[in-house]
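Peer 1: how does the following fold in three dimensions:
(2 chains)
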Amino acid sequence: MTGLLLEQAAMLPVALPLLTAALTALLWSWPRAQRAVSLMGLVLTAAAGVSLLLRVLDTGIQVIEFGGWAPPFGISFAADRLSAVLVLISGVLGVAVGLYGLVSVGDRQARAGYYVLLHGLLAAVNGAFLTGDLFNLYVWFEIMLITAMGLLALNRTRAQIDGTIRYAVLNLLSTLLFLLAVALVYGVTGSLNMADIAASLTGAETPPVMVLAAALLFAAFGIKAGYFPLFFWLPASYHTASIAVSALFAGLLTKVGVYACFRVFTLLFDVSFGGVRELAVLLAAATMVFGVFGAAVQWDVRRILSFHIVSQIGYMLLGLALATPLAMAAAVFYIVHHIIVKANLFLVAGAMQRASGTFDLRRSGGLARQSPLLALLFLIPAMSLAGIPPLSGFWAKFTIIDASFRAEAGWLAALGLFVGLMTLYSMSKIWIHAFWKPARIDRTAPRRVPVPMVAAILGLGLITVVIGLQPDPLYRFALDAAAELADRGGYIEAVLGFVPLLQEAQ
Amino acid sequence: MSLIYAAAVAAAFGCGVYLLLSRHLMRMTFGIMLISAAVNLVIFLAGRLESQQPPVISAGETELQQAAANPLPQALVLTAIVIGFSLVAFLASLALRAYRDTGAASTRQLTQAEDLGSPEEQPGRGS
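Peer 2: Reported below is the predicted structural model:
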């Protein structure tokens, strides 16, 4: 039994959340029971992530063929290092959000289907990380979209309905562009299995229609990830959701787009194919700059943080655009660091709202005196986001800027440093207005932040500090993951069982 | 045949994009529906249109006839239709809700999300 479970390790991170979603749906009218089942499911999903990562480290890429159909015909899951670490991090994030949600998610939201949608979202995110089939990836994207829309509109306030409409229309367009690209790729290669497509594209003359497919995929994932001219839906919607949902979205959803971009432009296409690389360099630069300037003028903590998601996505895209092994490794490191830190900042924003009563910086204040612990918990992810040593963000920024210098793209490195400085500006703005400034109203009995909230924030903060003090294991892992991404033949062999004869001249 | 088909798809896609660029929520929903239909037609085209034979293995035979139509695009389109239908239904209900709440179906009047913490807002107003 345990042997079978271990062999199917790549399936559990999807199966467990689906099962939990079904159970919580059965318990619809009992919010308490839903809460217990949900927390258990989240812990189990994180444990499945750990076991999958250990197994990938131990025996290499894990492949599952569903229904016993051999890969080019059936749907297969394939977990390499990048997939496994992302599944693990989303599991960890799930536990933190679940813990936080014990106090921030009310019975009313539970009765509106919060837990069912939450686990559906996690299943879809993990499915997107693990699948080895292009059409299956589309299906996971759609599940992610519909659950995310449900979570966004959970409270049905006017702002949420407005935000959800903005989110829905652009993301629907993105998935349709993706589907169009899938159709074109299928028309050329006659296959939907990514390894099989890669094998049939390797070495052969690529038909011109594939340039269109590559461009469509880049645009579709670009909308999902929030690249420069396509990111406007993100800061228009993320801040309207309830805070546990915002944190989950901030950590995971855009990163699925980034992951899909990495997968497709290392496995199916070379990133230099069809001019994607030149475009990616410019978009990465613009994404960093516009995100950070957008944040500078905002007053709502959540909107500031939403714009910073966009700006940070630029650094990850930069890694893909430079495409050296070092830059890819830096991007992998960056993604892991960013998921933890960004989600944590949103959780802190929720705690700040608990303590001060508002998200608007102009109306809050006095938090440093009122709860010094919260101030410390804010400082950890905020300084990490800005890239202050010795926190994880410093190493993430250091490696990506180092890689830009080595790739002789000095202007990108300079831009990266400048954007880091602007990030520090936004973080100090939050610090000054919410923490330092005297409170507008003197409360005799200060509002307290509940313990589960503090525990979740503290846990994620600890991970940031540990990565910051011991970056070496994660950095080595990122180097291995980047090498695995570059080794197209290895992935194809793991899935299909043979190496394509014609190796591309690199 | 394929060329006419492709032109029809292009027309549907173009109309969809035109509607999507409108500010009216229902028009945007219709735009999404048209684009979705156009993409589904492209999947059919990608699976080649020549054959009219149903992809059924008749009794006594062990494999599909050479001339049979490709069943995979049909399965893909079926999946895409189901997914597209549910998403459009959700979008329509969102539009309805927005209209009931605010009395407006134009994105120009729907600014509640953008207003939160906007730099233009005066700090003294509201609570």
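Peer 1: which residue is nearest the centroid of chain B?
Peer 2: Closest residue to the average C-alpha location of chain B: B:S36 at 2.6 Å, with Cα atoms, centre = their mean.
Peer 1: how far out from the middle of the chain is the helix or strand harbouring B:L34?
Peer 2: Following DSSP states H and E, one finds B:L34 within helix B:25-46. In terms of Cα atoms, centre = their mean, to the nearest Å, the centre of helix B:25-46 is found 4 Å from the chain centre.
Peer 1: same check on stretch B:44-59?
Peer 2: Chain-centre distance of stretch B:44-59: 25 Å, with Cα atoms, centre = their mean.
Peer 1: do stretch A:134-141 as well
Peer 2: The answer for stretch A:134-141 is 17 Å, by Cα atoms, centre = their mean.
Peer 1: I'd guessed the residue nearest to the centre of chain B sits against A:L176; true?
Peer 2: Yes: under the criterion of Cβ atoms under 8 Å, B:S36 makes contact with A:L176 at 5.9 Å. No exception for glycine: its C-beta is placed from N, CA and C like everyone else's.
Peer 1: distance of A:F228 from A:S371?
Peer 2: For A:F228, the distance to A:S371 equals 38 Å [Cβ to Cβ, to the nearest Å].
Peer 1: swap in B:G117?
Peer 2: Going from B:G117 to A:S371 by Cβ to Cβ gives 22 Å.
Peer 1: contact partners for the residue nearest to the centre of chain B?
Peer 2: Neighbouring residues of B:S36 by Cβ atoms under 8 Å, 6 or more residues apart in numbering or on different chains: A:L176, B:G16, B:A80, B:G84, B:V88.
Peer 1: so A:I304 is in which element?
Peer 2: Assigned by DSSP H and E, A:I304 belongs to helix A:301-322.
Peer 1: can that helix be found next to chain B?
Peer 2: Yes: using Cβ under 8 Å from any Cβ of the partner chain, helix A:301-322 reaches chain B at A:V301, A:R302, A:R303, A:I304.
Peer 1: neighbours of the residue in chain B that chain A sits nearest to, just the number please.
Peer 2: When distances are taken as Cβ to the nearest Cβ, chain B reaches nearest to chain A at B:G117, 2.3 Å away. Neighbours of B:G117 under the rule other Cβ atoms under 10 Å in any protein chain shown: 21.
Peer 1: pull the contacting residues for A:V264.
Peer 2: A:V264 sits next to A:M194, A:L217, A:F221 when contact means Cβ under 8 Å, 6+ apart.
Peer 1: go ahead and confirm the first one touches A:N136.
Peer 2: No: judged on Cβ under 8 Å, A:M194 makes no contact with A:N136 at a distance of 9.4 Å.
Peer 1: show me which of those two is the more surrounded one.
Peer 2: Using other Cβ under 10 Å, the more surrounded residue of A:M194 and A:N136 is A:M194, with 25 against 21.
Peer 1: quick one, what contacts that one?
Peer 2: Residues counted as contacts of A:M194 (Cβ under 8 Å, 6+ apart) are A:A78, A:G132, A:D133, A:L134, A:L137, A:R263, A:V264, A:L267, A:L268, A:V495.
Peer 1: which of those residues count as buried?
Peer 2: Neighbour-count burial (16 or more other Cβ atoms under 10 Å in any protein chain shown) is assigned, among these, to A:A78, A:G132, A:D133, A:L134, A:L137, A:R263, A:V264, A:L267, A:L268, A:V495.
Peer 1: the residue in chain A that chain B sits nearest to: neighbouring residues, count only.
Peer 2: Residue nearest to chain B within chain A (Cβ to the nearest Cβ): A:D300, separated by 2.3 Å. The local packing of A:D300 (other Cβ under 10 Å) involves 22 other residues.
Peer 1: next secondary structure after the helix or strand harbouring A:G49?
Peer 2: Secondary structure from DSSP H and E places A:G49 in helix A:31-59. Moving toward the C-terminus from helix A:31-59, the next helix or strand (DSSP H and E) is strand A:62-65.
Peer 1: circling back: most neighbours among the residues of helix A:301-322 next to chain B, which one?
Peer 2: Neighbour tally across those (other Cβ under 10 Å): the maximum, 28 neighbours, falls on A:V301.
Peer 1: from A:M427, how far off is the nearest residue to that one once chain neighbours are set aside?
Peer 2: Of all residues not flanking A:V301 in the chain, A:A349 sits nearest, at 4.5 Å (Cβ to Cβ, 6 or more residues apart in numbering or on different chains). Distance from A:A349 to A:M427, counting by Cβ to Cβ: 12 Å.
Peer 1: now do the shared contacts for these two.
Peer 2: Shared contacts of A:A349 and A:M427, defined by Cβ under 8 Å, 6+ apart, are absent.
Peer 1: and the stretch 151-300 of chain A, which of its residues are near chain B?
Peer 2: Checking the stretch 151-300 of chain A against chain B by Cβ under 8 Å from any Cβ, the hits are A:153, A:156-166, A:168-169, A:172-173, A:176, A:179-180, A:182-184, A:186-187, A:236-237, A:239-240, A:297-300.
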